[in-house]
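Enquirer: give me a 3D structure for the following:
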Amino acid sequence: MIRSCIVCRTKGSDLFSLFLDSEKRVILGQSPQRQYWICKSTTCISNLERTKKPPKPFRSRNITSNSLLLQVQKQINRNIEKNLLLSLNSGAVCSGSYEVLQKKNRLLCIITSSDKIKECWIRKKISLPIFSLNVSTRELGAKIRKGPRSSIGIFPSCHSILLVENLHLSEKLR
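Expert: Next comes the predicted model:
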């Protein structure tokens, strides 16, 4: 089955799945019932409510791109948390600025607690992708079961690759 975006008609496999629940609300995720597909871009998500010919189930609904975008962002954040925890369990996470600096040549990316800390890493001219979760240092540390952390490093693993994909997607949808 070839999937195509219901807004721009682009074909591919890298699409979000949408369906209508029993209360006829648009929900993001997998379902055993009829599903529709939408690109992972803010353009398609925001244009869903303005598309000229949406599928029949979506025509009479009051679809707001903000609520759909919020659902997409929540799903991505859940994926980030899940893959960060799986990366941690597989030993693919180091924490603390000193340890990250020492192991920078082996890292896949750096995750920071805030944009301000991200800017500090950028000024150090680190040639790695750097992502900001915009959470407190306490929250970032709690995600990896440690005390407050401003930065964590991610080593390559199957889970960390999925984590980086979701981090890229999260930044793209901000």
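Enquirer: state the mean pLDDT of the longest helix seen in the chain.
Expert: Secondary structure of the chain per DSSP state H: the longest helix is helix 65-89. For helix 65-89, mean pLDDT rounds to 84.
Enquirer: what comes up buried for it?
Expert: For helix 65-89, the neighbour count (16 or more other Cβ atoms under 10 Å) marks 65, 68-69, 71-73, 76, 79-80, 83-88 as buried. Just so you know, the C-beta spots here come from the backbone N, C-alpha and C atoms, and that holds for glycine as well.
Enquirer: for K124, grab phi and psi.
Expert: Phi and psi for K124, reported as degrees, to the nearest 10, are phi -80, psi 0.
Enquirer: same check on S41?
Expert: Torsion angles, degrees, to the nearest 10, at S41: phi -140, psi 150.
Enquirer: quick check: it touching K172?
Expert: Yes: between S41 and K172 there is a contact under Cβ atoms under 8 Å: 7.4 Å.
Enquirer: more neighbours: these two, which one.
Expert: Per other Cβ atoms under 10 Å, whichever of S41 and K172 has more neighbours is S41, with 17 against 11.
Enquirer: ok, now which ones touch that one?
Expert: By Cβ atoms under 8 Å, 6 or more residues apart in numbering, the residues touching S41 are K172.
Enquirer: so it versus G91, what's the distance?
Expert: Per Cβ to Cβ, to the nearest Å, S41 is found 34 Å from G91.
Enquirer: all helices of this structure, in order?
Expert: Secondary structure of the chain, counting by DSSP H: helices at 42-47, 56-59, 65-89, 97-102, 115-123, 137-143, 158-172.
Enquirer: got CSV for these, with distance to Q35 too?
Expert: Shown next, in CSV, are the helices of the chain (distance: least, Cβ to Cβ, whole Å):
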stretch, distance to Q35
helix 42-47, 16
helix 56-59, 11
helix 65-89, 14
helix 97-102, 40
helix 115-123, 36
helix 137-143, 31
helix 158-172, 19
